[in-house]
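1. coordinates for the following, if possible.
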Amino acid sequence: MKTCLSSFRDGPRQIVETKISFERMKSVMCIQEINCHIQKPIVKNQAVTIINGTFACDIDAVNSSAGNKNKKKKSQNKLDDETDELSILMPKRIEILSDIMFEAPKSKLIGICGHVGSGKSSLLKAALGHLRMTNGKVSRDGTCAYLSQQAWILNTTFRENILFGKPFDSQRYYSALQLCCLQEDLDLLPAADETEIGERGINVSGGQKQRIALARAYYADQDIYFLDDPLSAVDANVGWCIFENLILDALKNKAIILVTHQIPYLSHCDQIYMMDNGRIVEHGTHVSLIQAGKQYYSMVKNIMANNKSIDDADDYEMILSDEDNLGFSNKIGNKFVTNGKKIMNSNEKNDDGTLIHPENMERGRIKSETYLMYINAMGGFFIMTIVLINVFLNSGCVLFSNWWLAHWIKEGSGGINITIGNETIISENIIDNPDLGYYQMIYGVCIIAIIGSSLLRGFSLTRTALGASSNLHNKVFKRIINTSMQFFETTTRGRLQNIFSRDISELDGQLPLVLEQVLSNIVHGVLNILIVCFILPYLTIPFIILSLVFYFVAKLFRRALRDLQRHESITRSPIFSLATTTLQGLDTIHAFEKESEFIDQFNKCIDINGTCNFLSNVLLRWAAIRFDFLTIFAYLCTGLTIVCLKGHISSAMAGLALSFCGQMTGFLQYTIRLLSQTELKFISVERIGFYLKTLKDEDSNTKASLVELKMNWPENGTIEFNNVALKYRENSPIVLKNISFRVLAGEKLGIAGRTGSGKSSLISALFRLVELHNGCIKIDGIDISTISMKQLRSKLAIIPQDPMIFSGTIRFNLDPWKVKTDEELWIILEKTNLKNKVRSMHGQLSAIVDSGDSNLSMGERQLLCLARALLRKSKVIILDEATASVDPHTEHIVQMAIQKEFADCTILTIAHRLQTILSCDRILVMDSGRIIEFDSPQNLLENHNSEFSKMLAAADKTNNGS
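-> Numbering: from 1, shown residues only. Here you go, the predicted model:
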């Protein structure tokens, strides 16, 4: 009966959990798949055509359906139920492209341009079939290669990112490296092209990621190339070299659709489509669009005026440059003849290039320190003692009630003389006992005590266990967010997701229940055995022998089960990592038609993890059979002993012994399984303990004598680098080589150099994302190594190369601390050219954006990050390619806002568009981790032999289309 009643406790919980899981699965399965309806064009020379196309995207399909289910009121009739179901199946849509008429002929270069958020990237996705088409027709003839605006990089080696599952072709592979200017970068990597790039390409710069993605597209040798602003993160020289040699020459027989806002590239396109507000407003050749004098001409004229590279009187003639002015300075046939040998030499490096190391797995039994850590998280030994007292009290009450019932039957039956006719007998009816009230009272008190102690046991154990889970979660979360950046470079997101999902879930939902049952069962089982041995002392020796056999079988069983569970936990992390990576690169995977390969890879991960679960269940069945034999043997011994002692033991006590032994038949087996499950749950505690033990706080490298800073530090904003050397890991090369320079208060410093020259590493050093190998950095004369990380970073502001948007509202992304008024937020949005965009969004400042940023373009995300930095009003501002993904006109507006808002601030600007840093007070030019020039723009330009002067001349040559 007790077992049956216990199932009523677990049953409803499991039913609810199952129902919720099925509802979540249903909400995903009910999402409508995008039906591409891609057809082959009627005209054979067309690679892509879109006729009267209108496209929309689904927003919050899963969340909205789940929200509808949660908010749904009780249906009045069947029609209401059907309406609710339809609302789930039809998610909200936003129309993003309208009336699209688009053609991309084979072997032609098609350019797409427009302001930020005009729909350029969406047009590419529409042509690929990645947007929901609500009207019109899309036709495409040929295989596709796609390069997204934010390059998608796999967590694998440099070479595998380029091969992307295709067989190795040495000639095409080496050509891809050279065409994408990757050879010099490859020579700097510790294991050449066998170097692991890491998740999200954390081991390479933004420009290198784009060039790797370009090399992947070229190596795939597809028919149609969709390139979404592929050269925005590389400097002018490298960009023009790639454009000439790769896009214009190596891919000249392919259909290329190029999204860009750089006029020199557009001027060499066969056709140009100008977009605005989700529509194509102009299309034609570069020359014809200029002559038309409409939006395209206005955009080009504004860009030229902003660059200040040509006179207003000559604008019209200069921007009419076409293919006749194109001179290929570096043809592939002349330049790239013997490069394979050089690459092979670089492969002879000794370093294996491993970045992500295998996840740690403990061996043997769970260490005592793991249990001690959990006890301390519960509140210490005092709290644990109280919990154990409650467990003992409950089990004692249950066993005493059973003993009292047996004693009542033995001693309290009848007791009154009853006369029936001439015969007087002693009644054996319990009701006739004069002490009936006494026995009833004691048994009633026992029942009340059982109920009270059970509630107390459940409350105390659950409360302390949940408290332990909360404490461990907070500790490991704090330790991870405060650890060094190197940890995130060498640890996959799947591992972190595993810790904060499955492992924390085990501590929250499973461990308290299992812990309560196992403690109760252990106490209950021990007391059961003691009572049976007390009633039948002859069973003491057999029970000791059986207990030893139980122990050895359980030890063997638990050892194997423990290792299987550890493997299961570790093999779960790759599933999270692969799922996250796949979701981020879905557009690329679909474009390259690699769905089956990723599905196979996912199935392999699931199979490996499932094998561990299957073997665990097999092992549990193996142990169950052996425990059944042992418990039945114990039951047999008890029965034979009672038969042999007939007449020497009361029937009540014999029944009690058989009852307790009968409970043990399944009870001990269940308890052993519970012990094993408890140990398995503690593997989650063990995994959390590993991070708590091994991760160090970033401030552990901060010098002991912390400086007390003033509230308004830094007052001036002077920055001084003294002999700074930096490397990202012990086995990695030095990326900053004895850098020394000084930035004056309020000075605007431009930082230039080739992609991978060490520009972003300067910022990493300034923010102490990586500790210095040598030297020091001072801000306002204070060594930043004596300042806590929190203080240092709170006083600096940065607009990063890869814009970071947090899941939440626009307001939260701008002002996470909720210290600014809405009026201030609107003012800053207007200054960053985002006001109209935010006003058009549903909810405006309360509009929801997610980390995937499906409702914001890449340029808009960069502008949002810029607005966030403007609100902070820091004295030191760092712009790391902050406007690389916006059109030059928007960039000019933003630059004007920066100059006005940060007039008295120190600004460090990293930019590939050299015109954007000409207004800086001084310019620092870097190459291979060293400073090669540091002077004012005027002095550098006057010296025609300076590297900066040469770079700017090359950029101007590129801008003029020659």
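
2. only C-alpha atoms for contact and neighbour calcs from this point on.
-> Will do.

3. C-terminal to the longest helix along the chain, what's the next element?
-> Assignment by DSSP state H gives helix 595-644 as the longest helix of the chain. Proceeding N to C from helix 595-644, the next assigned helix or strand is helix 651-694, under DSSP states H and E.

4. so that next one versus helix 595-644, what angle?
-> 150 degrees (axes from the mean of the first three to the mean of the last three CA atoms, to 10 degrees).

5. quick one: mean pLDDT for helix 651-694?
-> Average pLDDT, helix 651-694: 77.

6. now that helix: how far from the chain's centre is it?
-> 36 Å (CA atoms, centre = their mean, to the nearest Å).

7. likewise stretch 194-211?
-> 17 Å.

8. follow-up on the earlier one: helices and strands around the longest helix of the chain, which ones?
-> helix 540-584, helix 651-694 (3 or more CA pairs under 8 Å, 6 or more residues apart in numbering; DSSP states H and E).

9. what about Met25, how many residues close to it?
-> 12 (other CA atoms under 10 Å).

10. returning to what we had before: so which of the helices and strands packed on helix 595-644 gets nearest Leu461?
-> Proximity to Leu461 (CA to CA) singles out helix 651-694 among the helices and strands packed on helix 595-644, at 14.1 Å.

11. the closest one versus helix 540-584: what angle between them?
-> Using the same axes, to 10 degrees: helix 651-694 against helix 540-584 is 40 degrees.

12. now what about the helix or strand following helix 651-694, what contacts it?
-> Next helix or strand after helix 651-694 toward the C-terminus (DSSP H and E): strand 719-726. Outside of strand 719-726, the residues within contact range by CA atoms under 8 Å, 6 or more residues apart in numbering are 734-745, 761, 765, 770-781.

13. in strands, which of the residues you listed appear?
-> The strands, defined by DSSP state E, take in 736-743, 774-779 from the contacts of strand 719-726.

14. show the buried residues in these.
-> Leu736, Lys737, Asn738, Ile739, Ser740, Val743, Cys776, Ile777, Lys778, Ile779 (16 or more other CA atoms under 10 Å).

15. which members of the residues you listed are the farthest-apart pair?
-> Lys737 and Ile779 (20.0 Å).

16. for the helices and strands packed on helix 595-644, which one ends up most surrounded?
-> A comparison of the helices and strands packed on helix 595-644 by mean neighbour count, using mean count of other CA atoms under 10 Å, puts helix 651-694 on top with a mean of 19.

17. what packs against it?
-> By 3+ CA pairs under 8 Å, 6+ apart, helix 651-694 packs against helix 368-378, helix 381-411, helix 436-481, helix 511-535, helix 540-584, helix 595-644.

18. lowest average pLDDT across those?
-> Among these, helix 511-535 scores lowest, at a mean of 77.

19. go through it and flag the buried ones.
-> 511-525, 527-529, 531-533, 535.

20. likewise stretch 609-629?
-> Those would be Asn609, Gly610, Thr611, Cys612, Asn613, Ser616, Leu619, Leu620, Ala623, Ala624, Phe627, for stretch 609-629 by 16+ other CA under 10 Å.

21. quick one: that stretch to chain centroid distance?
-> Distance, centroid of stretch 609-629 to centroid of chain: 34 Å (CA atoms, centre = their mean).

22. what's the answer for stretch 733-742, then?
-> That offset, for stretch 733-742, works out to 32 Å (CA atoms, centre = their mean).

23. name the residues that touch it?
-> Contacts for stretch 733-742 (CA under 8 Å, 6+ apart): 188-190, 718-728, 758, 761-762, 774-775, 928-931.

24. now do it, average pLDDT.
-> 89.

25. and it, C-alpha only, in CSV?
-> Output of stretch 733-742 as CSV, limited to C-alpha atoms (Å, rounded to 0.1, in the frame of the first residue of the first chain):
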residue,chain,number,x,y,z
PRO,A,733,53.5,33.3,-30.7
ILE,A,734,53.9,36.9,-29.4
VAL,A,735,51.4,39.1,-31.2
LEU,A,736,52.5,42.5,-29.7
LYS,A,737,56.2,42.9,-29.7
ASN,A,738,57.6,45.5,-27.2
ILE,A,739,55.0,48.2,-28.1
SER,A,740,55.6,51.6,-26.6
PHE,A,741,53.6,54.8,-27.3
ARG,A,742,51.7,57.5,-25.5
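
26. related to what we said a few turns ago, got a quick ChimeraX command for the buried subset of the contacts of stretch 733-742?
-> Once 16+ other CA under 10 Å is used to decide burial, the buried members of the contacts of stretch 733-742 can be selected in ChimeraX as follows:
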select :188,189,190,718,719,720,721,722,724,725,726,727,728,758,761,762,928,929,930,931
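
27. got a list of what Glu698 touches?
-> Counted by CA under 8 Å, 6+ apart, Glu698 has contacts Asn482, Thr483, Ser484, Met789.

28. for it, give its distance to Lys790.
-> From Glu698 across to Lys790, the span is 10 Å (CA to CA, to the nearest Å).

29. could you do Ile828 as well?
-> From Ile828 to Lys790 the distance is 25 Å (CA to CA).

30. go on, Leu388?
-> 42 Å.

31. who has more neighbours, the two?
-> Legend: neighbour count by other CA under 10 Å for Leu388 and Lys790, higher for Leu388 (19 against 11).

32. nearest residue to that one other than its sequence neighbours?
-> Excluding the flanking residues, the one nearest Leu388 by CA to CA, 6 or more residues apart in numbering is Leu519, at 7.8 Å.

33. Throw the buried residues of stretch 609-629 into CSV and include distance to Ser122, thanks.
-> Conversion of the buried residues of stretch 609-629 to CSV gives the following (distance: CA to CA, whole Å):
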residue, distance to Ser122
Asn609, 38
Gly610, 39
Thr611, 42
Cys612, 43
Asn613, 43
Ser616, 48
Leu619, 53
Leu620, 53
Ala623, 58
Ala624, 59
Phe627, 63
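
34. hmm, back to that, and the buried ones among the ones in strands among the contacts of strand 719-726, which is closest to Ser569?
-> Leu736 (39.4 Å).

35. so what pairs up with that closest one in the strands?
-> Under DSSP bridges, the beta-bridge partners of Leu736 are Leu726.

36. residue boundaries of the strands in the stretch 51-200 of the chain?
-> Remark: strands assigned in the stretch 51-200 of the chain by DSSP state E, counting those that start in this stretch are 93-105, 109-114, 132-140, 144-147.

37. now distance to Asp904 and mean pLDDT too, for those, in a markdown table please.
-> Formatted as a markdown table, the strands of the stretch 51-200 of the chain follow (distance: least, CA to CA, whole Å; pLDDT from 0 to 100):
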| stretch | distance to Asp904 | mean pLDDT |
| --- | --- | --- |
| strand 93-105 | 41 | 88 |
| strand 109-114 | 33 | 92 |
| strand 132-140 | 49 | 88 |
| strand 144-147 | 40 | 93 |
